[in-house]
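**Student:** Sequence unavailable; structure follows:
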């Protein structure tokens, strides 16, 4: 795998990062995380020049180290971003030297992510289980939480949903039968490093292994936060992926994921979008992200304006719980929606966190008000160490049944299981077909009533055993099924 062009070493929050331009490389890292441009930025022309240089195979003649100073936007732009009273109180308590301007600067949020137990325990009353798990957690899927998102946690309640999904516990280290580091078989379907080609007309483009905040149930826990080895990400890797897409005219749709693509700096992200838009047969570009939820300050008006240039562009946002619908995250969604970007949500069904109809209904209604369409409700993938998060599949079907007919259809996502081993998404629905009665199809509605639909040419629902299971009797002389009780004509 190619090495990195740009390496940014961690510094204390008050110290600016330093760039190091290396001879064979292409990607940006901060500390132990591959940030893919999340803190440092380079100009679009610089990135284009790098790719041209890489394509010639001629390395730079020397290594160059320069002092880095991030570009400054006007302070007023940061102050225009809404800051809740909860955020202000958290800022005053734990970052007394920082300003609202700092807090609303997404790069400040990245530089000040909480990653060590000694910092975390100053902000939360950690249980012994949490403390041991945080201390034990090394390697991939590190601990990292933005100050903004941490401000939403209940410091005294370890059962608070957001805290449960981001602070590890001992159950994370338990492995059970059926779990896999790569449960969706993405590595098997990788066409070129970082590009997964599973469906005929679509590709998954893994842009970076960096997230500003790491979820403990992450499907790609095998790769996020990785600093070495096969999951490195670089500009030349991006270019090879783009060349693969160019060579396959059947590909119409590209989903940018990772890690989190919106952790990449504006210039580098625009380079990638511009490169993909140069591919004539590529019709749609989608971005999968949790940034508007965990670091909404990243959604600057400058970013929204840049994204607007690359329509048709769609975005899937990973919301988990109503507690994430804050003034800040709603503003981030508004900026994206105002830029003409259709927004959908992807929610993972998690045990003890959102696996009840009232919680999900509250979340989905709030998303609609924020102009985000609830798109998918995912059964939690059987990634290694996720058993304590997973629910039985029936739980998801039960919730879908309780949603249907009891709220607007726009607030109802599709419940899916992403089949292990690379089978792709399989939608699951409650069964509303009871069987047949002669030429009629027997259906049930959200209230449990039974109804006939004239369907003389149909054959669906003809299984006698299924009909008996649903409480119907077959009359061989009439050739009809009749309900034992309760049928509505």
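**Tutor:** The structure has been received and is ready for your questions. Just so it is clear, the structure is predicted and the values come from calculations on it, not from any experiment.
**Student:** hey, let's count contacts and neighbours off CA atoms from now on
**Tutor:** Noted.
**Student:** ends of stretch 347-367, how far apart?
**Tutor:** Criterion Cα to Cα, to the nearest Å; first-to-last residue distance in stretch 347-367 is 11 Å.
**Student:** cool, stretch 143-152 as well?
**Tutor:** 16 Å.
**Student:** cool, and stretch 380-390?
**Tutor:** 6 Å.
**Student:** Over to stretch 194-205?
**Tutor:** End-to-end distance (Cα to Cα), stretch 194-205: 6 Å.
**Student:** so how far is it off the chain centroid?
**Tutor:** 17 Å (Cα atoms, centre = their mean, to the nearest Å).
**Student:** Name the residues of it that come out as buried.
**Tutor:** Buried residues in stretch 194-205, defined by neighbour count with 16 or more other Cα atoms under 10 Å: 194-198, 202-205.
**Student:** Just the ones in helices from those, please.
**Tutor:** Assignment to helices by DSSP state H places none of these there.
**Student:** Can you tell me which of those residues comes closest to residue 321?
**Tutor:** Nearest to residue 321 out of the buried residues of stretch 194-205 is residue 204 (Cα to Cα; 25.7 Å).
**Student:** For the closest one, list the residues it contacts.
**Tutor:** 195-197, 254-257 (Cα atoms under 8 Å, 6 or more residues apart in numbering).
**Student:** Okay, and residue 275 sits in which element?
**Tutor:** Using DSSP states H and E, residue 275 sits within helix 266-277.
**Student:** going on from that helix, what's the next piece of helix or strand?
**Tutor:** Assigned by DSSP H and E, the successor of helix 266-277 is strand 284-289.
**Student:** how far does stretch 182-190 sit from the chain's center?
**Tutor:** 17 Å.
**Student:** Averaged pLDDT, it. What do you get?
**Tutor:** Across stretch 182-190, the average pLDDT comes to 74.
**Student:** With stretch 345-363 instead?
**Tutor:** Stretch 345-363 comes out at a mean pLDDT of 97.
**Student:** got the contact list for it?
**Tutor:** 160-162, 164, 316-322, 325, 367, 372-380, 388-391, 395-396, 399, 402-403, 411.
**Student:** Emit the PyMOL select command for whichever of those are buried.
**Tutor:** The following PyMOL line selects those of these that are buried, judged by 16+ other Cα under 10 Å:
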select buried, resi 160+161+162+164+316+317+318+319+320+321+322+325+367+372+373+374+375+376+377+378+379+380+389+390+391+395+396+399+402+403+411
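**Student:** Just the buried residues of the helix or strand containing residue 336, please?
**Tutor:** Using DSSP H and E, residue 336 maps to helix 327-338. Burial within helix 327-338, assessed by neighbour count using 16+ other Cα under 10 Å, is assigned to 328-337.
**Student:** Can you list the strands that whichever helix or strand comes after that helix pairs with?
**Tutor:** Reading on from helix 327-338 to the C-terminus, the next helix or strand found by DSSP H and E is strand 343-349. Sheet pairing of strand 343-349 (DSSP bridges) gives strand 313-317 (parallel), strand 373-379 (parallel).
**Student:** secondary structure class for residue 442?
**Tutor:** strand (DSSP: H, G, I helix; E, B strand; the rest coil).
**Student:** My read is that it contacts residue 453, right?
**Tutor:** Yes. At 6.4 Å, residue 442 counts as touching residue 453 under the criterion of Cα atoms under 8 Å.
**Student:** For residue 186, state which of the contacts of residue 204 is nearest.
**Tutor:** Using Cα to Cα, those come closest to residue 186 at residue 196, 6.2 Å.
**Student:** I'd guessed that closest one sits against residue 203; true?
**Tutor:** Yes. Using Cα under 8 Å, residue 196 makes contact with residue 203 at a distance of 5.6 Å.
**Student:** about what we covered before: which ones among the contacts of stretch 345-363 are found in strands?
**Tutor:** The strands, defined by DSSP state E, take in 316-317, 373-379 from those.
**Student:** Of these, just say which sits nearest to residue 292.
**Tutor:** residue 317 (7.3 Å).
**Student:** From residue 444, how far off is the closest one?
**Tutor:** 34 Å.
**Student:** now swap in residue 323 and tell me
**Tutor:** Residue 323 is 35 Å from residue 444, where distance means Cα to Cα.
**Student:** now do residue 301
**Tutor:** Taken as Cα to Cα, the span from residue 301 to residue 444 is 48 Å.
**Student:** what residues go with each domain of the chain?
**Tutor:** Using automatic domain parsing, the domains assigned to the chain come out as 6-67, 84-173, 190-427, 433-483.
**Student:** out of those, deepest packed?
**Tutor:** Across those, averaging neighbours per residue (mean count of other Cα atoms under 10 Å) puts domain 190-427 on top, at a mean of 20.
**Student:** ok, back up a step: rank the domains of the chain by pLDDT, which is bottom?
**Tutor:** Among the domains of the chain, domain 6-67 scores lowest, with a mean of 40.
**Student:** who's in contact with the closest residue to residue 129 other than its chain neighbours?
**Tutor:** Ranked by Cα to Cα, 6 or more residues apart in numbering and with sequence neighbours excluded, the top spatial neighbour of residue 129 is residue 169, at 5.6 Å. Listed by Cα under 8 Å, 6+ apart, the contact partners of residue 169 are 129-134.
**Student:** Mind checking which of those residues are in helices?
**Tutor:** Using DSSP H, the contacts of residue 169 in helices are 129-134.
**Student:** show me where the stretch 51-200 of the chain has helices.
**Tutor:** 75-79, 85-94, 100-103, 106-111, 117-123, 128-136, 147-150, 161-166 (DSSP state H, counting those that start in this stretch).
**Student:** Would you mind giving these as CSV with distance to residue 188 added?
**Tutor:** CSV is the format used below for these (distance: least, Cα to Cα, whole Å):
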stretch, distance to residue 188
helix 75-79, 43
helix 85-94, 43
helix 100-103, 41
helix 106-111, 32
helix 117-123, 36
helix 128-136, 30
helix 147-150, 34
helix 161-166, 28
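**Student:** from the ones in strands among the contacts of stretch 345-363, which two are the most distant?
**Tutor:** 373 and 379 (18.3 Å).
**Student:** Just say helix, strand or coil for residue 236.
**Tutor:** Under three-state DSSP, residue 236 comes out as helix.
**Student:** do you know how far it is from residue 193?
**Tutor:** Distance from residue 236 to residue 193, by Cα to Cα: 10 Å.
**Student:** on that earlier part again, from the chain's centre, how far out does the helix holding residue 275 sit?
**Tutor:** The mean C-alpha position of helix 266-277 is separated from the chain mean by 20 Å, Cα atoms, centre = their mean.
**Student:** which other helices and strands contact that helix?
**Tutor:** On a contact count with 3 or more Cα pairs under 8 Å, 6 or more residues apart in numbering; DSSP states H and E, helix 266-277 meets helix 44-56, helix 235-246, helix 301-308.
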